[in-house]
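>>> Attaching a predicted model along with its sequence, questions to come.
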Amino acid sequence: GTVLAIFLLITFAISIGAIVQPNHVTGGLVMLNYALLVDAITIVVIGSFVWFFTLQERNNFYKLWLAATSETRLELQNKFKCCDWGYCSSPNFAAGLNETVLSNFCVTPITSFADMTLNNVFTYVSIGCIDVL
């Protein structure tokens, strides 16, 4: 995010310099075109990386869930009021949850938060790409 912001600010500075030059000097506009090309490529690469990560988020979080200690799992289950990742084998899950309802598993609230965050990032990066083009 920071690298992208720096690229866009540099491009903005180049655009100001390119526009205020006399009419017969076009070197600034040529440099601006190259800067816009670099910006577009950078945005597409970052956007693709975020998009690919959203496709793998359940697998990535499942690996973290398996690596977590039972205390950490219990803490997450109590925080999100859910029972285990995809099955309710844990005896210490939030009381009163129906084991047959899929939304009661921890996969839903954990990946929903991550999905919202990644989708917002992807949306802002996509809007930036459209602005540059």
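Nice, thanks for sending it over.

>>> Touching, residue 57 and residue 111? I think so.
Yes: between residue 57 and residue 111 there is a contact under C-beta atoms under 8 Å: 5.6 Å. From N, CA and C alone the C-beta is placed, and that goes for glycine too.

>>> Would you point out which residue is most central in the protein?
residue 118 (2.8 Å; C-alpha atoms, centre = their mean).

>>> helix or strand for that residue, which one?
Element membership for residue 118 (DSSP states H and E) is helix 107-132.

>>> so what's residue 109 closest to, chain neighbours aside?
residue 80 (4.1 Å; C-beta to C-beta, 6 or more residues apart in numbering).

>>> check contacts around that neighbour.
Contacts for residue 80 were tallied using C-beta atoms under 8 Å, 6 or more residues apart in numbering; they are 106, 109-110.

>>> now residue 60
With C-beta under 8 Å, 6+ apart, residue 60 has these contacts: residue 53.
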